[in-house]
Structures are given as structure tokens and as C-alpha cells.
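1. Just to be clear, the model below is a prediction. Sequence and coordinates:
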Amino acid sequence: MPRPDGRLEPGQPIRSAISARAWNRAQDAADLVLGAHPGTKGVAGSPVLQPYTWCYCQPSVTVARWGVLEITGVAITPTGSSGGATASFEEMPVLTGNTPSATTTAWCVAVEPIESGKIGRVAVGGVVQLKAADLGKASGAHVLWKDSNWALIRMQAGVIRGTFSGTWTKGSTTTVTDAVVSGATYTAKNYIATLSGSACLIAYVANEWVLVGWDWHSMAGYSASSQQVLTHAANGGLAWVSTTPCT
């Protein structure tokens with residue numbers, strides 16, 4: 001009878017005795033020692049914690065160490081609550097990646113060079129190094145420090161300070177240009193009020209960039225020459241309404 005801890009009894013054949021659980025435990029131990037465990041790096045004596053969480057990725061393009069990749073999916077898609085593909089996904093999901101674009105919101109950073117079609121490690125959370133020239137590919141990253149060559153970022157979709165032009169109607173999307181990272185643009189949706197071209201703040205919520213802050217004076221209906229109050233509009237948003245001064 002197999003032991004619950006997966007170990008073998010003396011004289012027990014190996015071929016039929018090693019369970020998937022026992023093999024995976026052995027692999028986890030080897031990964032910890034060799035530096036392949038997410039969030040750790042193996043060194044003589046004890047593991048050293050890394051500031052990021054990583055997993056494997058199989059990109060369709062070659063990426064250098066500290067390069068940014070768009071996350072396009074997973075290499076093995078789980079097919080239900082059980083089965084080989086699901087078991088593989090539960091043990092260690094392997095991402096697929098490609099070259100990021102200005103609209104990429106799901107991205108990762110290669111912590112080692114990865115050739116096209118090969119499997120390597122990528123950071124998916126935490127704090128990681130990055131080439132300063134690639135900041136525009138890391139949409140919404142929280143920049144902790146940077147100079148002309150390098151940056152240290154927190155991998156999260158944070159708040160973006162940007163600008164837009166023209167009229168941004170409530171319920172519609174528009175292009176927001178990053179006011180900090182040169183050349184970076186985002187498609188964001190306005191759930192609040194119709195605005196005229198101005199500065200704004202957007203944040204990544206659920207699966208889209210949305211308006212979260214703006215210049216109140218840019219809202220449709222604002223007048224600097226009359227007394228107004230801000231109230232609810234008929235469309236569920238906000239609107240300026242002129243009032244009569246009290247006497």
C-alpha cells in the first residue's frame with residue numbers, strides 16, 4: 001500500500017510506486033534549491049526572496065532579459081474541472097506572449113532571455129527591473145525609480161495622468177495620451193459626464209481603462225459667469241445647473 005507521504009518502502013518497485021503528487025513534491029524541492037521556485041532564488045545555504053512573482057511563458061517572439069511581453073493567453077488551456085490539461089494548468093500555468101502595443105493591459109517582464117517558441121520565466125507581479133526605454137510598453141506600471149537607462153517598477157495597473165482632445169461624451173470611449181510616458185496612449189471609457197478636451201485621470205478597472213478624475217470646469221454646461229451647482233443629469237451622470245442667487 002502506498003505511503004500517504006509518497007515515499008517508497010524498501011524493495012518497492014519505482015515504476016508503479018511514484019505518484020504525481022510525490023513527483024511534483026520532488027520537483028518543487030529541486031526548484032527551490034536551483035532557484036526555479038516562484039518568488040525565490042536558490043543560493044548556497046538558503047533561498048533568497050525575490051521582489052517579484054514569476055511563472056513560465058512561451059512567447060512567439062524573442063525577448064531579452066527585462067523586456068516586456070504582452071500576455072496573450074495560456075499554452076495549455078484547461079478543459080474543465082479535471083483532465084490532463086486542467087491538471088497542468090493547476091500545477092503551473094504557462095503563459096503565451098507577444099510584442100506589446102500601446103493598448104496592451106496584460107503584460108509581463110522577462111527575468112531571463114527567452115527565444116521565440118521556447119519557455120522561460122517572466123515576472124507577473126511585484127517589483128521588477130525594466131529598461132527605461134520600455135516603460136511605455138508597461139501600461140499603468142507604478143514607477144518607483146528611473147533614470148535614463150533603467151527603471152524599477154511595481155507591476156500593477158495604477159492611475160494614469162493623461163490628456164484628451166475634443167468632446168468626450170458620457171458612455172463613450174476616447175484616446176487618452178499619457179502625460180508622463182512619451183508616446184503611450186490608452187482607450188478609456190467615460191461613465192461619469194460629458195467633458196471637453198482637458199487633463200484627466202484614468203485607472204484600469206476589471207478589464208478596461210475608465211475615467212476616474214477630471215477638471216470640473218471641463219464638464220459640459222460649465223459657465224464661469226453664472227452661479228451653478230453640480231447635480232445629477234438625466235442620463236445618470238453629472239451636470240452643471242445654473243441657479244438664481246439668494247437675495
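-> Arrived safely.
2. can you pull the buried residues of the longest strand along the chain?
-> Counting by DSSP state E, the longest strand found in the chain is strand 120-131. Applying a neighbour-count criterion of 16 or more other Cβ atoms under 10 Å, the buried positions in strand 120-131 are 120, 121, 122, 123, 124, 125, 128, 130, 131. C-betas here are computed from N, CA, C, even on glycine.
3. Over to the spatially most central residue of the chain: give its phi and psi.
-> Nearest to the mean C-alpha position of the chain, counting by Cα atoms, centre = their mean, stands residue 106 at 4.5 Å. Dihedral pair for residue 106: phi -110, psi 110, per degrees, to the nearest 10.
4. okay but it is in contact with residue 71, surely?
-> Yes. Residue 106 is in contact with residue 71 according to Cβ atoms under 8 Å; the separation is 4.2 Å.
5. all helices for this structure, in order.
-> 20-34, 84-91 (DSSP state H).
6. Compare the mean pLDDT across these and name the weakest.
-> The minimum mean pLDDT among the helices of the chain belongs to helix 20-34 (a mean of 63).
7. the bottom helix or strand of this protein by mean pLDDT?
-> The weakest-scoring helix or strand in the chain, judged by mean pLDDT, DSSP states H and E, is strand 40-41 (a mean of 53).
8. for this protein, which spans come out with low pLDDT?
-> 1-48, 102-103, 157-158, 235-237, 245-247 (pLDDT under 70).
9. Domains in it, by residue range?
-> In terms of domains, the chain is parsed into 1-50, 51-154, 159-247 (source: automatic domain parsing).
10. out of the buried residues of strand 120-131, who's nearest residue 195?
-> Of all these, residue 130 has the smallest distance to residue 195: 32.4 Å, by Cβ to Cβ.
11. ok, now which ones touch that closest one?
-> 66, 68, 109, 138, 141, 150, 151, 152, 153 (Cβ atoms under 8 Å, 6 or more residues apart in numbering).
12. Ok, residue 188 next?
-> 173, 174, 176, 202, 208, 209, 210, 211.
13. Quick check: the last one touching residue 204?
-> No. Between residue 211 and residue 204 there is no contact under Cβ under 8 Å: 11.8 Å.
14. For these two, indicate the residue with more neighbours.
-> residue 211 (22 against 19; other Cβ atoms under 10 Å).
15. Verify the stated contact: residue 168 with residue 193.
-> No. If you go by Cβ under 8 Å, residue 168 and residue 193 don't touch, sitting 9.0 Å apart.
16. out of these two, which sits in the busier spot?
-> Per other Cβ under 10 Å, whichever of residue 168 and residue 193 has more neighbours is residue 168, with 27 against 23.
17. Which residues does the more buried one form beta bridges with?
-> residue 195 (DSSP bridges).
18. any idea how far it lies from residue 190?
-> Using Cβ to Cβ, to the nearest Å, one gets 5 Å for the distance from residue 168 to residue 190.
19. can you list residues touching both of the two?
-> Common neighbours of residue 168 and residue 190, counting by Cβ under 8 Å, 6+ apart, are 174, 211.
20. what's around residue 100, how many residues?
-> 22.
21. That one contacts residue 106, doesn't it?
-> No. With contact defined as Cβ under 8 Å, residue 100 does not count as touching residue 106 (9.2 Å).
22. Please report how far the residue nearest to residue 183 when sequence neighbours are not counted lies from residue 234.
-> Spatial nearest neighbour of residue 183, excluding adjacent residues (Cβ to Cβ, 6 or more residues apart in numbering): residue 136 at 5.3 Å. Separation of residue 136 from residue 234 (Cβ to Cβ): 40 Å.
23. cool, and residue 165?
-> Distance from residue 165 to residue 234, by Cβ to Cβ: 26 Å.
24. Looking at the two, which has the bigger crowd around it?
-> Higher neighbour count among residue 165 and residue 234: residue 165, with 12 against 6, using other Cβ under 10 Å.
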